[in-house]
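Peer 1: with the sequence up front, the predicted model follows.
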Amino acid sequence: VGASSLEPTEGEIRRSHAGVIAYFPQDALPTLVHRYGNDSGVEFLRTKDVNLSMTGARSYLGRFGLKGTIATRPIKMLSAGQRVRLWLAREFLGGEEKPSLLILDEVTENLDRESTDSLVETLRSFQAAVLAISHDEYFIEGFPATQTWKLDNRRMFVEYR
């Protein structure tokens, strides 16, 4: 609902038009492989910005840890961690306004510990709000959250850190 892909069944949502939302949906990785598996990371970025040069795309992907030939490899040949970085790179691409909210829905579902650690480290330096939905206790413990909302038996518990 928060990412504007669903509408509420009751009540209303008031959205600010002042910010950009970057979104990593739960089905991002299967969708990425299914739709773009034979394309390279460079080609995937160009689906959002057709004017992006090969050099510009490779340089940009390098800032997300997708350096050298990784940027031109077919997406289906990338690791889950590399695919996550590619998806997020595309989400942050373009426009002068950077996202003010990053929504991560089960982003660690296919990640190993090393990739999860790398993601957590990246989130520590992220300069905007992050809403992360996760069942991964390892990620939750490492995530630099200021609040944790836990749903248990139809009740919500809020913890402030």
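Peer 2: Cool, got the structure.
Peer 1: okay, CA-based contacts and neighbour counts for the rest of this
Peer 2: Fine.
Peer 1: how about the contacts made by Val33?
Peer 2: Going by C-alpha atoms under 8 Å, 6 or more residues apart in numbering, Val33 touches Ile75, Lys76.
Peer 1: and for the one 5 residues further on?
Peer 2: Under the criterion of C-alpha under 8 Å, 6+ apart, the contact list for Asn38 reads Pro74, Ile75, Lys76.
Peer 1: please name the nearest non-neighbouring residue to the second one.
Peer 2: It stands for Ile75. Leaving aside its chain neighbours, Ile75 sits nearest to Gly37 (4.8 Å; criterion: C-alpha to C-alpha, 6 or more residues apart in numbering).
Peer 1: as CSV, the contacts of Asn38 with secondary structure would be great.
Peer 2: Listed next are these as CSV, based on DSSP: H, G, I helix; E, B strand; the rest coil:
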residue, secondary structure
Pro74, strand
Ile75, helix
Lys76, helix
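Peer 1: neighbour-wise, which of those leads?
Peer 2: Within the contacts of Asn38, Ile75 tops the neighbour count with 27 neighbours, counted by other C-alpha atoms under 10 Å.
Peer 1: ok, that one - contacts?
Peer 2: Shown in contact with Ile75 (C-alpha under 8 Å, 6+ apart): Leu32, Val33, Tyr36, Gly37, Asn38, Asp39, Ser40, Gly41, Arg83.
Peer 1: tell me which stretches of this structure form strands.
Peer 2: Per DSSP state E, the chain carries strands over the ranges 21-24, 101-105, 129-133, 147-152, 155-160.
Peer 1: what does the fourth one contact?
Peer 2: Contacting residues not belonging to strand 147-152 are listed as Met156, Phe157, Val158, Glu159, Tyr160, Arg161 [C-alpha under 8 Å, 6+ apart].
Peer 1: okay, the angle between that strand and strand 155-160?
Peer 2: Taking axes from the mean of the first three to the mean of the last three C-alpha atoms, to 10 degrees, one finds that strand 147-152 is oriented at 160 degrees with respect to strand 155-160.
Peer 1: neighbouring strands - and their directions - for strand 147-152?
Peer 2: Strand pairing for strand 147-152, using DSSP bridges, gives strand 155-160 (antiparallel).
Peer 1: please state the offset of the strand it pairs with from the chain centre?
Peer 2: In this view, strand 155-160 has its centroid 24 Å away from the chain centroid, taken as C-alpha atoms, centre = their mean, to the nearest Å.
Peer 1: likewise for stretch 137-150?
Peer 2: Put simply, stretch 137-150 sits 16 Å off its chain's centre (C-alpha atoms, centre = their mean).
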